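S.K.: Okay, here's the prediction I keep looking at, along with the sequence it came from:
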Amino acid sequence: MTEPWMQFILSAAAIIWAGNRLTRSAKTIAQNTNIGTAWAGALLLPLVTSLPELVTSSRAVLIDAPDLAVGNIFGSNLYNLTLLAVIDLSCRRGALTSRANPGHVLTASFSVIAVSLAAAAMTGVVFVPVGRVGVETIVIAGVYLFGSRLLFQYEKKHRFPGEAGSAGKGRDLSSTGRALLHYLFAAGLIVGAGVLLTDAADRIALETGLGRTFVGSFFLAAATSLPETVTTITAVKLGVLDMAVANVFGANFFNMFILFWVDLFYGAAPLLAVVSGTHLFSAVMVILLTTVMIIGLANRSQKELIGIGYDSVILLIGYAAAVYIIFKAGGN
């Protein structure tokens, strides 16, 4: 019984180390190639920090555990949103949404669109299969590609204050090369650790009776979101608030593209047609909590409760409620 837990912990520790290395490498690459750090937070960093979700969810469908895969994706999105509350708690300088750039609404809105498409597919009412893949996940991939292009164009026009690239300092090609090597090494480590992490999570789900839906939505999701946690906390400590916020919304948007990839990888049937209905609840919670943050960014209220914004309080309560409800609902 202790073996899968030890494997889970060691794999998670490897992902934390690799995620930190990947973040530093991505930052160096972004600076030396004149990519704005806000764009890096919304699109470049999620490509890095979401590798665990990509690897573990792909591995989950290979071992015929689709609920583990989908639970990991939606659970990671829920967990990532709570990181915004963590930022608020760590700063304690007024409501986070009154200080963050309102441009984050764009990324958050695209994330809501993608999750809504997945939720619609899971209802079974509008589900349309294309071979062994759902048309909804194909549309989600299209939304991600279109949204990424729009976000890049927006960031070029509206660089967040203090988030510009460092082209004026000159490009260090040698440091860029080293960063790329570190990036590739850490990515390889995440792939290996992700496979071990998923196998351990599946054994824990079966041996404890907690179910793949619950374990995927919370244990596995929290572990695979460790790079986002490390990146976000580091960005806040460095005083780059908008990069931290952009990383959260960007990671959630990219996670939905992962859903399309996993659907292709599964092959046995359209993925969203065979998973537990509990995931629909998770998707709805992601939509609701993301919408709360969009309203906060648009309203920019400075009202606080226990030193943080009301929207951050709602995030914490919503996540706790989701954990309890999904645990009570059980899973496969």
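M.R.: Received the coordinates, thanks.
S.K.: CA only for contacts and neighbour counts going forward, please
M.R.: Noted.
S.K.: neighbours around the nearest residue to residue 196 once chain neighbours are set aside, how many?
M.R.: Leaving aside its chain neighbours, residue 196 sits nearest to residue 11 (6.4 Å; criterion: C-alpha to C-alpha, 6 or more residues apart in numbering). Residue 11: 23 surrounding residues under other C-alpha atoms under 10 Å.
S.K.: Give me the pLDDT value at residue 11.
M.R.: Looking at residue 11, its pLDDT is 82.
S.K.: What helix or strand is it located in?
M.R.: Using DSSP states H and E, residue 11 sits in helix 2-32.
S.K.: ok so, going back, identify the residues contacting the residue nearest to residue 196.
M.R.: For residue 11, the contacting residues are 193-194, 196-197, by C-alpha atoms under 8 Å, 6 or more residues apart in numbering.
S.K.: Columns pLDDT on top of the residues you listed, output as a markdown table?
M.R.: Shown next, in a markdown table, are the contacts of residue 11 (pLDDT from 0 to 100):
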| residue | pLDDT |
| --- | --- |
| 193 | 79 |
| 194 | 72 |
| 196 | 80 |
| 197 | 75 |
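S.K.: Dump those into JSON lines; add distance to residue 54, secondary structure and neighbour count as well.
M.R.: Compiled in JSON lines, the contacts of residue 11 are given as follows (distance: C-alpha to C-alpha, whole Å; DSSP: H, G, I helix; E, B strand; the rest coil; neighbours: other C-alpha atoms under 10 Å):
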{"residue": "193", "distance to residue 54": "12", "secondary structure": "helix", "neighbour count": "24"}
{"residue": "194", "distance to residue 54": "9", "secondary structure": "helix", "neighbour count": "29"}
{"residue": "196", "distance to residue 54": "13", "secondary structure": "helix", "neighbour count": "19"}
{"residue": "197", "distance to residue 54": "12", "secondary structure": "helix", "neighbour count": "30"}
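S.K.: just curious, which of the residues you listed is nearest to residue 253?
M.R.: residue 194 (20.1 Å; C-alpha to C-alpha).
S.K.: show me what contacts the closest one?
M.R.: Contacts of residue 194 by C-alpha under 8 Å, 6+ apart are 11, 15, 52-53, 55-56, 224.
S.K.: Who wins on neighbours among these?
M.R.: Busiest of the contacts of residue 194 [other C-alpha under 10 Å] is residue 224, holding 34 neighbours.
S.K.: ok, that residue to residue 243 distance?
M.R.: Separation of residue 224 from residue 243 (C-alpha to C-alpha, to the nearest Å): 20 Å.
S.K.: what's the answer for residue 60, then?
M.R.: Residue 60 is 31 Å from residue 243, by C-alpha to C-alpha.
S.K.: go on, residue 52?
M.R.: Applying C-alpha to C-alpha, the value for residue 52 to residue 243 is 20 Å.
S.K.: Okay, the residue nearest to residue 301 when sequence neighbours are not counted and residue 78: tell me how far apart.
M.R.: Spatial nearest neighbour of residue 301, chain neighbours left out: residue 98 (5.8 Å); criterion: C-alpha to C-alpha, 6+ apart. Between residue 98 and residue 78 the computed distance is 22 Å (C-alpha to C-alpha).
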